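Trainee: no FASTA, just this:
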C-alpha cells in the first residue's frame, strides 16, 4: 500500500543533512520511503493530512532505563550529598540482608520471574516513548527479564528497541550502617556476560527490525579489564554496538583512577573500546571538566579522535546540579552528540530544549547548541551512534519512521507565529504535540492515541506501584530512610 503524508513543513534529507521543505509530502510503500519533496504527482492509497504539522523523522532516544521511575521521584531537589548527585547510587542500592523494591536489575533470575513490576515497567516505558514520538530507543543495561519484557512491548507497539542485558564484574553494596562498598561477583560477572551474549544471539536469530542487540557493561568502575575486552571482541563477532556509563559521577571517576591509574575514558581506550560503535552514557564528568580538578586531562581529545558517541541526558543531569561542560567543545572535538531521556520525562522535545539552553550557557556562546544542532542530535546523531543510515532521516530508501507534530494547534498559544518550525519546536514544543507516529511504514499512533493502550489506566497502575514502593522504602534503604525523610513533600508542614 502506498501512503502519502502531507505536511505544512517536511524535514527532508539531502547532501548529508536535514533540509526543510515548505508544503511538502513524504510517500512510503511497505517499510520504506519512496519520495520526499514538494512536487509528487503519483497516486496514493491513503493520504494522512498533516497540513497543520511538522513532518519529521522519528526521534532516537539513546539512553533509556525501563520503568516509571517511582524511586527517582524521591530525589527531586535532594538526595545524599556524599554521593555527589548520582541518583542511581541513592535509590538502587539495598542495605545488607534486604532486597530493593521497584528496581529489578539485581534480582536473581528466579526472583525476576515473579517480580510484578517488570511487565508494568516495560509497558509504561515503551508507551511513553511512543507517545512522545520516539521510534527507536536504546535500553542501557536492564536485567535479562527486563529486556524480555521490552522485546514483547516493542513488537506489540511497534517501537524499535536496542536491547541487551546489562552485566558487570561486581556491584555497589551497602553495609548495615549505610556505607557503600564495591562487591565483586565470584565469577567476575562471567554468567551475566554469557547471558547477554545468548540474549543477543536469540534476537539476531529472530530477525525482526523492531528488536536489535547491544552489549552493555553497566558502569565502568564495576567492570574488570577482562570483561571490557571480552565486550570489544564480542561486539566485533556479533556485529552489534556497545554502550556503557562512564564519566558520569565523581566517585566513579576517582575509583577508576585509584584502581587503574587511568581515567574512565583512558581505561576504555586501553581496551580498544573507544570506537564509533560505542555510546558512552553521559561523559559529562571527564578529565577536561574543571569540576574534577584533574590536571593534564585528554579525555575529550580521545573521544573525538575515536569518533565515539555520547548519550547526553540534559534533563536528568541538570536535576542533579550537573551539566555538560561545553556542547560546543564536544562538537568541535569530533564527539557525536546524541540525546537520551535516561529516567523521566521521556520527552525528547523537552530534552532538546534543555540541551540547547544549557549548551548556550555552558559554552558561553548564544549560537551554541542551536535548535538545528539539538534536533540533529535527536535524529541523525542517534542513527549514527547505532551505525545506521536508514533511520533518523526522511529520504528515499530510508525506513518509514515518520512523526507529525502539531505546531499549529488550535487549542494552545504556546507556539505563537512560526518563522522556523524547528526553532519553534525546540523552544515551545512538548512531547504531547506529537500527533502521529509511523514506524516501518505502519501507523502506531494517530491523533495522540495508541491502539490498545489506555494511558490513564497505565498511569494509574504506575501510581499504585509507586505508592507501594514508597511505603516500604525504609525496609531496604541503606540509611533506613522513609520516603518522607528522603523527599519531604513540598508545603507539607505536618509530614514527618
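Mentor: Structure's in. What do you need? All values derive from a computational prediction rather than experimental measurement.
Trainee: shaky segments in the stretch 151-300 of the chain?
Mentor: By pLDDT under 70, the stretch 151-300 of the chain contains no weakly predicted segment.
Trainee: in it, which spans are strands?
Mentor: If DSSP state E, counting those that start in this stretch is used as the criterion, the strands of the stretch 151-300 of the chain fall at 160-163, 166-167, 170-174, 180-184, 211-213, 216-217, 242-246, 278-282.
Trainee: Could I get the phi/psi values of the residue positioned nearest the centre of the chain?
Mentor: By CA atoms, centre = their mean, the chain has its centre lying nearest to residue 63, at 1.9 Å. With angles defined as degrees, to the nearest 10, residue 63 sits at phi -150, psi 90.
Trainee: now residue 7
Mentor: According to degrees, to the nearest 10, residue 7 has phi -130, psi 150.
Trainee: Surely the residue nearest to the centre of the chain is in contact with residue 138?
Mentor: Yes. Between residue 63 and residue 138 there is a contact at 6.5 Å, judged by CB atoms under 8 Å. Placement of C-beta: from N, CA and C, glycine included.
Trainee: need the contact list for the closest residue to the residue nearest to the centre of the chain other than its chain neighbours.
Mentor: Distances taken as CB to CB, 6 or more residues apart in numbering put residue 340 closest to residue 63, at 2.4 Å, once the chain neighbours are dropped. Residue 340 sits next to 61, 62, 63, 64, 138, 281, 311, 312, 313, 316, 351 when contact means CB atoms under 8 Å, 6 or more residues apart in numbering.
Trainee: for these, which one is nearest residue 123?
Mentor: Of all these, residue 123 sits closest to residue 64, with 13.9 Å by CB to CB.
Trainee: just checking, the closest one touches residue 140?
Mentor: Yes. Using CB under 8 Å, residue 64 is in contact with residue 140, at 6.8 Å.
Trainee: phi, psi of residue 373?
Mentor: Main-chain torsions, residue 373, degrees, to the nearest 10: phi -70, psi -40.
Trainee: okay, it: pLDDT?
Mentor: For residue 373, the pLDDT comes out at 98.
Trainee: Roughly how far does it sit from residue 380?
Mentor: 10 Å (CB to CB, to the nearest Å).
Trainee: next one: residue 391
Mentor: Taking CB to CB, one finds residue 391 at 9 Å from residue 380.
Trainee: what do you get for residue 95?
Mentor: Taking CB to CB, one finds residue 95 at 45 Å from residue 380.
Trainee: any idea of the mean pLDDT in stretch 346-357?
Mentor: For stretch 346-357, mean pLDDT rounds to 98.
Trainee: ok, residues contacting it?
Mentor: By CB under 8 Å, 6+ apart, stretch 346-357 touches 59, 61, 64, 125, 128-129, 132-134, 312-315, 318, 324, 327, 339-341, 369-371, 373-375, 377-378, 405, 425-427, 429-431, 433.
Trainee: Which among the residues you listed count as buried?
Mentor: With burial judged by 16 or more other CB atoms under 10 Å, the buried subset of the contacts of stretch 346-357 is 59, 61, 64, 125, 128-129, 132-134, 312-315, 324, 327, 339-341, 369-371, 373-375, 377-378, 405, 425-427, 429-431, 433.
Trainee: Break the protein down into its domains, please.
Mentor: 2-58+394-445, 60-385 (automatic domain parsing).
Trainee: OK, contacts around the spatially closest residue to residue 72 that is not a sequence neighbour?
Mentor: Distances taken as CB to CB, 6+ apart place residue 343 nearest to residue 72, at 4.9 Å, with adjacent residues excluded. Neighbouring residues of residue 343 by CB under 8 Å, 6+ apart: 65, 69, 72, 87, 313, 316.
Trainee: can you count the residues close to the nearest residue to the fifth one once chain neighbours are set aside?
Mentor: Distances taken as CB to CB, 6+ apart put residue 342 closest to residue 313, at 3.8 Å, once the chain neighbours are dropped. Residue neighbour count, defined by other CB atoms under 10 Å, stands at 26 for residue 342.
Trainee: can you give me the helices for the stretch 51-200 of the chain?
Mentor: 87-91, 109-113, 117-131, 144-157, 190-206 (DSSP state H, counting those that start in this stretch).
Trainee: Adding distance to residue 265, write these out as a markdown table.
Mentor: As requested, the helices of the stretch 51-200 of the chain are exported to a markdown table (distance: least, CB to CB, whole Å):
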| stretch | distance to residue 265 |
| --- | --- |
| helix 87-91 | 20 |
| helix 109-113 | 32 |
| helix 117-131 | 29 |
| helix 144-157 | 27 |
| helix 190-206 | 22 |
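Trainee: Tell me which of the ones you listed lies nearest to residue 478.
Mentor: When these are compared (using CB to CB), the closest one is helix 87-91, at 9.0 Å.
Trainee: Report all helices and strands that that closest one contacts.
Mentor: Helices and strands touching helix 87-91, by 3 or more CB pairs under 8 Å, 6 or more residues apart in numbering; DSSP states H and E: there are none.
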